[in-house]
Structure formats: C-alpha cells, structure tokens
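Novice: Show me the folded form of this:
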Amino acid sequence: MATTPTPHIGAKFGEIAETVIMAGDPLRVKLMAEKFLENPIQFNNVRGMLGYTGTYMGKRVSVMGHGMGIPSIGIYSYELYNFYGVKTIIRVGSAGSIRMDLNLGDLIIALGACTDSNYAATFELPGTFAPIADFDLARQAADTCERLGFKYRVGNVMTSDRFYNENPHTEKWTNMSVLAVEMEVAALYMNAARSGKRALGILTISDHVLTGEATTAEERQNTFTHMMEVAFSLI
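Specialist: Numbers count the residues shown, from 1 in each chain. Model (predicted):
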C-alpha cells in the first residue's frame, strides 16, 4: 500500500469508503453530500477537489470530484483504486447527445467508451483496448431507471480529449451507434480494468450537439439529480 495522503488527495487510508461516487464539478459533489449523505465528513479539499464520506441508508459511501478530462480523472481514480483501497467508482456527469432520439435530461448508462485519447497507449497493449463498465453495476442501474421511470439508454459513449473541437466528425460516431460525447469515462474504465476493480458511468444529457440545445451551468450543478439517485441505489 502506497503512503497516504497522496499529492492530490489529503485523506488518510481508511477515511474513504470502498465505494466512491464521483463528479467532475466539486460543487456537484457538495450537493450530493448535502442531499444524500448522513453525517458527511470532508476528507479532501486539496486543489479545491472536495471529497466527503458519510452513510446512505446505513451504508458507508464517499463522494468526490474528479475534475475535467482524462488526465484529471486518470489521476484521481488511479489513486483511489491503488492507494486507498477503493473497490468501486461510479461517475455521474454530463454528456452531449449526438442522436436525435436522445434529449436534454435523458440518462445514459455507459456500457462502453470509445475515445480519441492516447491514454490506452500508456498500458503498452499489443492492440486496441475496449473500455467497458462493470456489467452488474450497469444492470442494476438499468433496473433502477426502470423502477423509477427515468428515461434512459444503455450503450456506447465517446470520451473526447477536446471540448472545443473544430473537426468533431460527429456523424461518423453517430453512424457507429455511439450515443453521446463526454470527457472522462474511458480513462475511468481503463484504470478500473488495470486495477481489477469496478466502474460505471451514469450520464445526463446536458446539451445536444446536433440541435444546439443546452442547459445552463447552474442547471447542470443543481438539477441533474436523477443520475445521482441511480448511483446511490447501487451502494
């Protein structure tokens, strides 16, 4: 076990639960702690990346930010899996729809993640790696969506290194039945695979690449709670 705290997480070993629900925005993490956790205790504020541990329905769970993009979630998820004994990470975040049948507010359970990143090259594999979710988590998330009546899709997402992309080739990804674009899931799934741990991405459509529809930053921070309900049902 590596020494903790790490350069990016100020917690000592044992202060973080075995299951961590992560979001890119630290303020979304604060919302989750206030809305879902009983007796939350803050374990991290390094670089403003908030983290809390508490209980939900009597079960111990942590929530923490992971920042924007593959490099950021790559660092945090690696440290959680390998230094803090975390067994499961569930990402809740936003995504841009690239299909006309996926609308603002719809949920995506990311079964797999394509990527234009070179992150997989760091593992020096003799081929192309396909990052996938933990099946049991994905199945349970779909069951929860059915039970609660949430509109959702299960499928492939595109994890991009770029937010502002002059040549996105969106139609090519759409033609391959990819549902939406986001920026973190592929790296999370790769780190989970390498660590022998579990991961799942649950996403809310925050904007529509094809129509130009979009939600505000405040709406993304405060109203995307259905994906959080699904995530906490997996604890």
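Novice: Give me the buried stretch members for stretch 210-227, please.
Specialist: 215, 220-221, 224, 226-227 (16 or more other Cβ atoms under 10 Å). Any C-beta I mention is one placed from the backbone N, CA and C, and that applies to glycine too.
Novice: What is the end-to-end distance of it?
Specialist: Between the opening and closing residues of stretch 210-227 lies a distance of 23 Å (Cα to Cα, to the nearest Å).
Novice: which residue ends up closest to the midpoint of the protein in space?
Specialist: Closest to where the C-alpha atoms of the chain average out (Cα atoms, centre = their mean) is residue 91, at 2.0 Å.
Novice: Can you tell me the SS state at that one?
Specialist: State at residue 91, reduced to three classes by DSSP: H, G, I helix; E, B strand; the rest coil: strand.
Novice: Name the secondary structure element that contains the nearest residue to it once chain neighbours are set aside.
Specialist: Using Cβ to Cβ, 6 or more residues apart in numbering and skipping the chain neighbours, the partner closest in space to residue 91 is residue 201 (4.5 Å). Assigned by DSSP states H and E, residue 201 falls within strand 198-208.
Novice: do the same with residue 72
Specialist: Going by DSSP H and E, residue 72 is in helix 70-83.
Novice: That helix vs strand 198-208, what angle?
Specialist: 160 degrees (axes from the mean of the first three to the mean of the last three Cα atoms, to 10 degrees).
Novice: Tell me how far the least confident helix or strand in the chain by mean pLDDT lies from the chain's centre.
Specialist: Taking mean pLDDT, DSSP states H and E as the measure, helix 217-222 is the helix or strand of the chain with the lowest mean score, a mean of 77. Taking Cα atoms, centre = their mean, to the nearest Å, the mean C-alpha location of helix 217-222 is offset from the chain mean by 16 Å.
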